[in-house]
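Undergrad: fold the following for me, if possible:
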Amino acid sequence: METVIVVGNGMVGHKFCEDFRAHPASSAYRLLVFGEEPRPAYDRVHLSAYFEDQDAKALELAPASWYNENAIELITGERVTDIKSDKKEVHTASGATYTYDHLVLATGSVPFVPPIPGVEKEGIFVYRTIEDLEAMMAYAARIKTIKPNGRAAILGGGLLGLEAGKAVLDMGLEPHVVEFAPKLMPRQLDTRSSNVLKLKLESMGIRIHLGKATNQILGNGIIEALEFGEDDCLNVDMLIISAGIRPRDELGRTCGLETGTRGGIVVNNRMQTSSKDIYAIGEVALYNQLIYGLVAPGYEMANVAVNQILGNKEVVMPNDIDMSTKLKLIGVDVASFGTPYMPADKGLSVIFENKTKFLYKRINVSHDGKTLLGGILVGDAEDYNILHQMYLNGIALPENAEELIVGTRGEGGSAFGSAMDLPDAAQICSCERVSKGKICGSLMEGQCGSLKDVIGLTKATSGCGGCKPMVVELVNETLKSMGKEVKDVICEHFEYTRQELYGVIKVKKIKTYDEALDSCGKGDGCEVCKPVVASIFASIYNDTANKEDVIQDSNDRFLANIQRNGTYSVVPRVPAGEITPEKLIVLGNVAKKYGLYTKITGGQRIDLFGAQLNDLPAIWKELIDAGFESGHAYGKALRTVKSCVGSTWCRFGMDESVSFAIELEERYKGLRSPHKLKGGVSGCIRECAEARGKDFGVIAVEGGWNLYVCGNGGATPKHAQLLAEQIDNETVIKYLDRFLMYYIRTAAPLMRTATWLEKLEGGMAQLRKIVVEDSLGLAEQLESEMQDLVDRYECEWKQAVENEEIKKRFKHFVNTDDRDDNLVFVPMREQKMPEAWNN
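TA: This next block holds a predicted model:
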């Protein structure tokens with residue numbers, strides 16, 4: 001029996017083992033694997049998830065038992081120190097010697113630590129392993145006991161550096177990302193997309209310092225500051241170095257294998273090194289004079305090595321490696337594919353940019369406009385998978401290529417067809433080399449019956465996870481074509497759609513999140529299902545966010561929107577935009593007293609920016625005493641009902657729009673729903689209140705009101721559609737009660753009314769039957785449920801002000817009443833704004 005030894009049990013080493021044992025010919029081989037770390041292979045791509053629950057098992061690619069079950073001898077905590085290629089031997093740190101017939105080096109890489117004076121000081125870490133994270137967490141905990149407002153810097157603004165920024169946030173320190181280049185993610189993004197990403201990260205509390213070369217690290221044995229130049233320092237208490245990687249090629253160098261000038265073991269397209277029985281795969285392999293740091297190329301290398309060892313010599317690495325990638329960095333979608341940016345002589349670019357929404361989309365096309373060459377997506381990468389497939393498969397572009405990123409003209413929809421239109425050979429999952437044909441075929445041939453089955457069989461989505469939306473679409477559409485029901489469950493903890501869980505909670509009268517988990521869920525829950533369950537409680541019982549604050553989104557938890565410098569905005573309700581001079585004076589006095597920036601919003605309210613967390617209850621009390629309430633600008637709830645002045649003042653007005661808008665806003669205030677809700681009332685067809693750009697809009701016409709529903713503004717605006725015409729006030733409210741409750745009952749999490757209507761079978765015709773004609777016999781029940789929510793309304797600001805226990809939540813530091821002394825504002829047009837983070 002021949003022996004195959006694998007040195008390295010990271011993701012690529014594990015993939016080699018998986019592919020090797022999946023091949024029937026592998027039973028004739030002994031497989032021995034060395035891992036330097038004390039645990040089996042784990043998922044480094046999602047390493048930052050460790051900060052959420054410190055559960056190393058959750059990151060494991062396979063338990064130790066899997067290796068035994070597959071006849072793999074796994075030796076962990078053992079380092080291979082030498083290779084004797086002439087004797088086909090490896091030697092370990094414990095003094096043991098093993099012989100091989102085939103040797104696979106999957107040693108990966110190590111973080112590059114720049115030779116900066118002072119880099120040896122205490123408080124400096126690299127970000128690579130679970131042990132690194134545990135050491136960082138312990139040190140951060142020490143810092144917080146001494147200095148509650150501690151700072152940590154991350155050296156490097158690439159993919160891993162930005163992930164480390166999220167880690168610092170999770171540890172409760174103030175993160176500062178320091179990058180030598182003039183932009184973030186310099187390998188993947190152009191300058192404009194980097195600027196958009198920078199703005200988004202800054203809005204989340206991560207400070208960015210670009211174009212900074214660290215000259216030395218200051219401190220007496222312990223890090224105290226980074227020095228960039230004369231009089232240019234950044235005071236920090238901790239440093240995480242994420243300045244790139246270096247291949248772990250020392251074993252290859254000592255045994256005489258050919259290596260690159262800048263590191264890496266040279267391999268051919270069979271993954272063979274200069275010694276024909278030694279292979280190198282993953283980040284240690286230098287192929288085409290490049291080191292590939294992504295999962296997909298590493299997995300492909302592993303598969304090539306497997307086939308070469310087992311005699312399938314025709315399986316080789318392609319010359320061109322696809323470096324396309326899609327990631328969610330700190331909750332922000334970032335993707336690039338093909339050639340992300342190029343000079344004008346190679347192609348033309350179509351760019352969409354909206355800095356107010358932190359969106360950037362760029363596609364590069366050939367000069368004749370027929371071929372997609374690459375692109376960049378920041379803030380919204382929903383279309384990445386289909387764009388990537390168009391690039392890979394050479395699919396012809398539509399006549400108006402810009403519609404791929406801005407939507408079809410006048411509809412705000414998508415210019416794409418379905419993923420089902422792709423050829424069967426299209427590779428959907430690059431990491432696991434899974435084609436569309438394999439996914440759909442596994443369902444149609446009866447091998448699989450669900451998404452879970454498909455993932456288990458093909459392992460699609462189990463690498464970087466970027467292909468999951470397209471895999472889900474293919475599975476769902478294939479099952480539908482087979483006449484089978486498709487369910488879009490909330491998450492792994494609740495095997496229900498939101499609509500189903502809504503029904504279960506209502507029937508069982510479940511009142512708390514833990515009760516929901518015990519009664520109809522499993523596990524401990526996650527950041528996906530917690531806000532969904534909180535929303536359902538609010539939709540059934542009108543529970544405010546104060547009841548179970550730990551399951552709310554961050555803005556709901558603090559009843560205010562967090563801004564880019566860590567302060568909050570306060571938006572009191574001003575129904576229909578009507579406000580007395582006395583109340584205007586109160587807002588002005590509050591703004592002056594607490595030093596707040598003021599701005600009139602698009603929803604006819606006044607926004608007060610720059611409030612510190614400690615001050616929120618005091619600000620709310622002054623506003624409540626003057627007759628204001630929470631405007632719910634932070635929640636998935638009714639925001640505003642906008643109005644024109646109507647017939648009260650306007651000579652064109654056909655009805656009293658302000659009074660009706662106030663009545664509607666007072667009725668539905670605090671109403672929680674799957675997504676935010678906005679309304680509008682216009683006094684005539686001139687439409688000054690923009691009612692048809694809202695989730696519900698009412699327009700005065702001859703003979704009554706026309707009622708429109710399911711519109712929205714934003715990046716993909718939709719016109720609301722006519723539900724009923726020439727109806728009176730009472731009927732408008734009756735139909736709105738039915739419409740809103742039906743939407744709340746049946747929509748998926750975070751689904752706007754416009755998208756919900758698009759997905760509703762039968763569309764507007766069906767909705768009109770349900771709401772106006774009562775085709776389901778639900779009208780009375782829907783109206784009763786809405787009235788119950790209206791009757792239960794409470795202002796959650798008032799709850800917080802009157803409850804001492806709730807007020808304890810509004811502190812900047814957990815263990816002290818100190819304020820945040822790091823906030824810096826600068827003058828702007830007779831007001832103030834947060835200081836820019838450029839230096």
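
Undergrad: what's across from V350 in the sheet?
TA: Counting by DSSP bridges, V350 forms beta bridges with I363.

Undergrad: same deal with L234?
TA: Residues in beta-bridge contact with L234 (DSSP bridges): L226.

Undergrad: assign R44 to helix, strand or coil.
TA: coil (DSSP: H, G, I helix; E, B strand; the rest coil).

Undergrad: quick one: contacts for the residue nearest to it when sequence neighbours are not counted?
TA: Excluding the flanking residues, the one nearest R44 by Cβ to Cβ, 6 or more residues apart in numbering is M11, at 6.0 Å. Using the backbone N, CA and C atoms, a C-beta is placed for each residue, glycine as well. Applying Cβ atoms under 8 Å, 6 or more residues apart in numbering to M11 gives the contacts 41, 43-45, 61, 282, 295, 298-299.

Undergrad: next one: I551
TA: Going by Cβ under 8 Å, 6+ apart, the list of residues near I551 reads 513, 525, 530-531, 533-534.

Undergrad: strands of the stretch 151-300 of the chain, residue ranges please.
TA: 151-155, 174-179, 207-210, 216-218, 225-229, 232-235, 238-241, 245-247, 265-266, 278-280, 285-286 (DSSP state E, counting those that start in this stretch).

Undergrad: who are the packing partners of the fifth one?
TA: Counting by 3 or more Cβ pairs under 8 Å, 6 or more residues apart in numbering; DSSP states H and E, the packing neighbours recorded for strand 225-229 are strand 216-218, strand 232-235.

Undergrad: against which helices or strands is the first one packed?
TA: Read it as strand 216-218. Against strand 216-218 (3+ Cβ pairs under 8 Å, 6+ apart) you get strand 225-229.

Undergrad: which residues are contacting the strand it packs on?
TA: Contacts of strand 225-229 (Cβ under 8 Å, 6+ apart): 153, 155, 178, 212-219, 233-236, 239.

Undergrad: in those, which residue is surrounded by the most others?
TA: A153 (30 neighbours; other Cβ atoms under 10 Å).

Undergrad: before we move on, the earlier item: if any of the contacts of M11 are buried, put those into a ChimeraX selection.
TA: In ChimeraX, this line selects whichever of the contacts of M11 come out buried by 16 or more other Cβ atoms under 10 Å:
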select :41,43,44,45,61,282,295,298,299
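
Undergrad: now, among the contacts of M11, which is nearest to R605?
TA: Proximity of the contacts of M11 to R605 (Cβ to Cβ) peaks at V45, which lies at 42.4 Å.

Undergrad: quick one: which of the contacts of strand 225-229 is nearest Q447?
TA: L155 (48.2 Å).

Undergrad: list the contacts for the residue lying closest to the closest one once chain neighbours are set aside?
TA: With sequence-adjacent residues excluded and distances taken as Cβ to Cβ, 6+ apart, L155 is closest to I241, at 4.8 Å. Applying Cβ under 8 Å, 6+ apart, we find I241 in contact with 111, 113-114, 119, 124-127, 155-156.

Undergrad: let's see 10 Å
TA: By Cβ atoms under 10 Å, 6 or more residues apart in numbering, I241 lies in contact with 111-114, 116, 119, 124-128, 153-156, 161, 164, 214.

Undergrad: show the end-to-end separation of stretch 421-440, please.
TA: End-to-end distance for stretch 421-440, by Cα to Cα, to the nearest Å: 12 Å.

Undergrad: for it, which positions count as buried?
TA: Quick answer for stretch 421-440 (16+ other Cβ under 10 Å): 422, 426-436, 438-440.

Undergrad: take the residues you listed and keep only those in helices.
TA: Among the buried residues of stretch 421-440, DSSP state H puts 436, 438-440 in helices.

Undergrad: please convert those residues to JSON lines, extending it with distance to V406 and pLDDT.
TA: Shown next, in JSON lines, are these (distance: Cβ to Cβ, whole Å; pLDDT from 0 to 100):
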{"residue": "K436", "distance to V406": "27", "pLDDT": "90"}
{"residue": "K438", "distance to V406": "33", "pLDDT": "92"}
{"residue": "I439", "distance to V406": "29", "pLDDT": "93"}
{"residue": "C440", "distance to V406": "30", "pLDDT": "93"}
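
Undergrad: which of the residues you listed lies closest to Y50?
TA: Nearest member of these to Y50, counting by Cβ to Cβ, is I439, at 30.2 Å.

Undergrad: could you dump the helices and strands packed on strand 225-229 to JSON lines with distance to N364?
TA: Listed next are these as JSON lines, based on distance: least, Cβ to Cβ, whole Å:
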{"stretch": "strand 216-218", "distance to N364": "40"}
{"stretch": "strand 232-235", "distance to N364": "36"}
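
Undergrad: wait, which of those is closest to P398?
TA: Across those, closest to P398 is strand 232-235 (Cβ to Cβ), at 47.9 Å.

Undergrad: show residues contacting that closest one.
TA: Outside strand 232-235, the residues that reach it (Cβ under 10 Å, 6+ apart) are 151, 153, 176, 178, 207, 209, 212, 214-216, 218, 223-228, 839.

Undergrad: just the buried residues of the host helix or strand of G503, please?
TA: Assigned by DSSP states H and E, G503 falls within helix 498-508. Within helix 498-508, the residues that qualify as buried are 498-499, 501-502, 504-505, counting by 16+ other Cβ under 10 Å.

Undergrad: can you name the residues in contact with that helix?
TA: By Cβ under 10 Å, 6+ apart, the list of residues contacting helix 498-508 reads 487-490, 494-497, 510-511, 515-516, 519-521, 529, 532-533, 535-537, 539-541, 674, 744-751, 785.

Undergrad: just to revisit the earlier point, which one of the buried residues of helix 498-508 is nearest I386?
TA: Distances from I386 to the buried residues of helix 498-508, taken by Cβ to Cβ, are shortest for R498, at 25.2 Å.

Undergrad: could you measure from the closest one over to Y541?
TA: Separation of R498 from Y541 (Cβ to Cβ, to the nearest Å): 16 Å.

Undergrad: what's the answer for L707, then?
TA: For L707 relative to Y541 (Cβ to Cβ), the value is 28 Å.

Undergrad: for those two, indicate the residue with more neighbours.
TA: L707 (25 against 18).

Undergrad: how about the more buried one, phi and psi?
TA: phi -110, psi 120 (degrees, to the nearest 10).

Undergrad: so which residues of the stretch 201-350 of the chain form helices?
TA: Here the stretch 201-350 of the chain has its helices, by DSSP state H, counting those that start in this stretch, at 250-254, 295-309.

Undergrad: so where's the stretch 651-800 of the chain uncertain?
TA: Applying pLDDT under 70 to the stretch 651-800 of the chain flags residues 714-716.

Undergrad: what about 90?
TA: 651, 712-718, 748-750, 755, 758-762 (pLDDT under 90).

Undergrad: in it, which spans are helices?
TA: Under DSSP H, counting those that start in this stretch, the stretch 651-800 of the chain gives helices at 657-668, 729-746, 753-759, 763-771, 779-792, 796-802.

Undergrad: for N70, which of those helices is the nearest?
TA: helix 753-759 (42.7 Å).

Undergrad: list the helices and strands that closest one packs on?
TA: strand 704-709, helix 729-746, helix 763-771 (3 or more Cβ pairs under 10 Å, 6 or more residues apart in numbering; DSSP states H and E).

Undergrad: which one of the helices and strands packed on strand 225-229 lies nearest to L310?
TA: strand 216-218 (49.9 Å).

Undergrad: gap between stretch 509-516 and the chain center?
TA: Averaging C-alpha positions (Cα atoms, centre = their mean, to the nearest Å) puts stretch 509-516 27 Å from its chain's average.

Undergrad: straight-line length of that stretch, end to end?
TA: End to end - Cα to Cα - stretch 509-516 spans 10 Å.
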